[in-house]
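Trainee: my questions concern the predicted model and sequence given below.
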Amino acid sequence: MLELRPNCECCDKDLPPASAEAMICTYECTFCRSCVDEKFKGVCPNCGGNFVPRPIRPLKELANDPASTVRVNRSENREECR
């Protein structure tokens with residue numbers, strides 16, 4: 001099951017579970033659409049894979065399987081995120 005991480009790993013933008021802006025790679029690296037398109041040109045900076053829109057978990061399912069609250073921010077290690 002997807003973690004549904006709460007933020008962009010680059011710019012730290014909030015990405016709530018229903019966000020259409022959330023993009024993920026095969027390892028669930030999570031970035032906003034702007035960072036994916038403008039900074040990474042569609043290639044994950046962590047694994048080199050491509051991105052797809054993150055699925056939206058239905059609200060009724062979030063009660064049993066909530067989204068992650070752990071924020072991941074790797075901007076300090078990445079020049080393009082500064």
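Mentor: In hand now; what should we look at?

Trainee: listing request: residues of the chain with sub-threshold pLDDT.
Mentor: For the chain, applying pLDDT under 70 flags no range at all.

Trainee: for it, what's the longest helix?
Mentor: The residue-count maximum for a helix in the chain (DSSP state H) belongs to helix 59-62.

Trainee: export that one as PDB, just CAs?
Mentor: The C-alpha coordinates for helix 59-62 follow below in PDB (Å, rounded to 0.1, in the frame of the first residue of the first chain):
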ATOM      1  CA  LEU A  59     -11.800   9.300   1.900                       C
ATOM      2  CA  LYS A  60     -13.600   6.300   3.400                       C
ATOM      3  CA  GLU A  61     -10.400   4.300   3.000                       C
ATOM      4  CA  LEU A  62      -8.200   6.900   4.700                       C
END
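
Trainee: got the contact list for that helix?
Mentor: 17-18 (Cβ atoms under 8 Å, 6 or more residues apart in numbering). For glycine as for every other residue, the C-beta is placed from the backbone atoms N, C-alpha and C.

Trainee: repeat that for 6 Å
Mentor: residue 17 (Cβ atoms under 6 Å, 6 or more residues apart in numbering).

Trainee: centre-most residue in this structure?
Mentor: residue 30 (1.9 Å; Cα atoms, centre = their mean).

Trainee: need the contact list for that residue.
Mentor: So residue 30 contacts 5, 9, 24 (Cβ under 6 Å, 6+ apart).

Trainee: what's the closest of those residues to residue 53?
Mentor: Ranked by distance to residue 53 (Cβ to Cβ), the contacts of residue 30 are led by residue 24 at 8.0 Å.

Trainee: and the helices in the chain?
Mentor: Counting by DSSP H, the helices of the chain are 33-34, 59-62.

Trainee: and these, which is most packed in?
Mentor: Of all the helices of the chain, helix 33-34 has the most neighbours on average by mean count of other Cβ atoms under 10 Å, namely a mean of 16.

Trainee: how far off centre is it?
Mentor: 10 Å (Cα atoms, centre = their mean, to the nearest Å).

Trainee: could you pull out the strands for this structure?
Mentor: 22-24, 30-32, 52-53 (DSSP state E).
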